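Peer 1: model this:
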Amino acid sequence: MVSSIEAVGIGEEAWNALAAGSPTNSIFQTYQWVSSWEKTFKSECEPWYVAVGDSSGFVGVAPLMLSRGVLGERILRFLGDGKADYCDFLLAGDQRKAVEAICRTLFSAQDRWDVVTLNSIPAESPTIGLLQDVCRRFGYHVMQRDLYPSPALIIKEHEAEAGNILNKAALRRRQNYFQRTGALTFKTLTGKDVLQCLDGFFEQHIGRWTGSATPSLFLDERNQAFYRELATTMAEKEWLALSIVEFNGQPLAMHYGFDYGGRFLWYKPAFDKAHAKHSPGLVLLRYLIGRAIANQRHEFDFTIGDEPFKARFSNKVRTTVQFQICRDPLNFALAWSRWQLGALRRKLVGG
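Peer 2: Predicted coordinates:
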């Protein structure tokens, strides 16, 4: 168990090869994502990298972090929890043996944590069942619940359906308005070109959320630094895509997203609030879906969240899962109580 990605000793190329063959292969498992998060936020937690191997080399890595909960409890989470929409172990070869080896390492250090809270594991990942089996055999208390829906527009083998969604009147109408009243253009920047437009993106996002109940995350300089670091580390791979819709030469809407593994990921949109009544966000969405179709991507992944617009333009909904491991009955009881209180609070807020 080591405290930095460099100390794991795998290297960028081998890490990404391991990620590509893992149950969850998303941008959030790449060396670039994990190293960028660690560089920006490691002062706020204690990174734990659990790496296991056999005669063939590394067969499993669990990128984790140790931090304190609101009651002072010591919680192990996925590194990047809260910013990574999909989290999982990196696994190769015999996944059952790899998960057991990772868990053995965690269990041997149980005096250093109170609960392991693994958020945002895709429900279809075999990691969940493997964790259940290992924890049961070793006598640990576990809890599992669905966390967030993850809508997607599946394009491959559903091209006609995707085309119909692209041409929905709700999308065409908004785009037609701007095309009738001025000059509307769209472009996507990748590589090093992204960096030159990030200030404008941050400014637009801050303006979009000013005066709302949820101010922009970019009011925090650390988040700006993280997004810049991602743009820098991913420049060579061109996985990061900054898309811009311009109206009469000015940015109308922008999107910071990822083009990785045959999927386009919807991640962080923004738009000019002065044009809000004409839904510039939907104009942006139509361009992005059109780009994904034109580039023959397998899917347009809306990522986590149940915003109503996602349901209108998707044809599949996946789910992410929270999996908790408690080291003893007392911590299990405390975790269960927090879980129940959280469920009650969500029910009351939701009406």
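Peer 1: for the protein, which strand is longest?
Peer 2: strand 141-154 (DSSP state E).
Peer 1: Please name the nearest non-neighbouring residue to the spatially most central residue of the chain.
Peer 2: Central residue of the chain (Cα atoms, centre = their mean): residue 85, 2.2 Å from the mean position. Nearest residue to residue 85, sequence neighbours excluded (Cβ to Cβ, 6 or more residues apart in numbering): residue 303, at 4.3 Å. For glycine as for every other residue, the C-beta is placed from the backbone atoms N, C-alpha and C.
Peer 1: Now do the buried residues in the longest strand of the chain.
Peer 2: The neighbour-count check on strand 141-154 (16 or more other Cβ atoms under 10 Å) flags 141, 142, 147, 148, 149, 150, 151, 152, 153, 154 as buried.
Peer 1: Tell me, please, where in this protein the pLDDT is lower than the cut-off.
Peer 2: 329-351 (pLDDT under 70).
Peer 1: Can you give the domain ranges for it?
Peer 2: 5-151+318-346, 156-297 (automatic domain parsing).
Peer 1: Residue 307: which of those is closest?
Peer 2: With Cβ to Cβ as the measure, domain 5-151+318-346 is the member of these nearest residue 307 (8.7 Å).
Peer 1: how about the strands of the stretch 151-300 of the chain, start to end?
Peer 2: With strands called from DSSP state E, counting those that start in this stretch, the stretch 151-300 of the chain shows them at 184-189, 240-247, 250-260, 263-271, 299-301.
Peer 1: next SSE after the shortest one?
Peer 2: Just to be clear, that refers to strand 299-301. Proceeding N to C from strand 299-301, the next assigned helix or strand is helix 308-312, under DSSP states H and E.
Peer 1: In that following helix, which residues are buried?
Peer 2: residue 310.
Peer 1: burial count for residue 208?
Peer 2: By other Cβ atoms under 10 Å, the residues close to residue 208 number 20.
Peer 1: and residue 278, how many neighbours?
Peer 2: 18.
Peer 1: Pull the contacting residues for residue 62.
Peer 2: Residue 62 is in contact with 48, 49, 50, 51, 89, 90, 102, 106, counting by Cβ atoms under 8 Å, 6 or more residues apart in numbering.
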